[in-house]
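A.B. asks: Got a sequence here, can you model it:
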Amino acid sequence: MSIEMVKTKHEEHLMRMPNVTGVGIGEKAGTPVIKVFVTHKLPESDLQPDQVVPKTLDGYQTDVEEIGVVTTQP
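C.D. replies: Okay, the predicted model is just below:
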């Protein structure tokens, strides 16, 4: 399954997680990853198990990136 298909398959679930503001595709160390953008990172110990972004999705690594609050520009 392509990374695009995996992203699409899991995007709705990921977007329901606390602090998640977006999901995309990027690179980490030259390897394609599924990027999960959050307002702020929290320690896993502060989250319920169902609120933790999985390390991999269907064989593709995830990368959680803190981007703060997203607002529209006038």
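
A.B. asks: residue furthest from the geometric center of the protein?
C.D. replies: The C-alpha centroid of the chain is most remote from residue 74, which lies 26.9 Å away (C-alpha atoms, centre = their mean).

A.B. asks: Who are the contact partners of residue 9?
C.D. replies: 1, 57-58 (C-beta atoms under 8 Å, 6 or more residues apart in numbering). Placement of C-beta: from N, CA and C, glycine included.

A.B. asks: Out of the residues you listed, which end up buried?
C.D. replies: Neighbour counting by 16 or more other C-beta atoms under 10 Å classes residue 57 among these as buried.

A.B. asks: How about residue 14: what's its closest non-neighbour residue?
C.D. replies: The shortest distance from residue 14 to any non-neighbouring residue, by C-beta to C-beta, 6 or more residues apart in numbering, is to residue 23 (5.1 Å).

A.B. asks: in its sheet, what does the helix or strand containing the one you found sit against?
C.D. replies: Per DSSP states H and E: residue 23 is located in strand 20-28. Counting by DSSP bridges, the strands paired with strand 20-28 are strand 31-38 (antiparallel).

A.B. asks: any residues touching the strand it pairs with, and which ones?
C.D. replies: Applying C-beta under 8 Å, 6+ apart, the external contacts of strand 31-38 come out as 3, 6-7, 10, 14, 19-27, 53, 57, 60-67, 70.

A.B. asks: Relative to residue 44, how far out is the most centrally placed residue in the chain?
C.D. replies: In the chain, the centroid-proximal residue (C-alpha atoms, centre = their mean) is residue 36; its distance is 1.8 Å. Using C-beta to C-beta, to the nearest Å, residue 36 is found at 14 Å from residue 44.

A.B. asks: Same question for residue 20.
C.D. replies: For residue 20, the distance to residue 44 equals 15 Å [C-beta to C-beta].

A.B. asks: And these two? Which one has more around it.
C.D. replies: residue 20 (18 against 11; other C-beta atoms under 10 Å).
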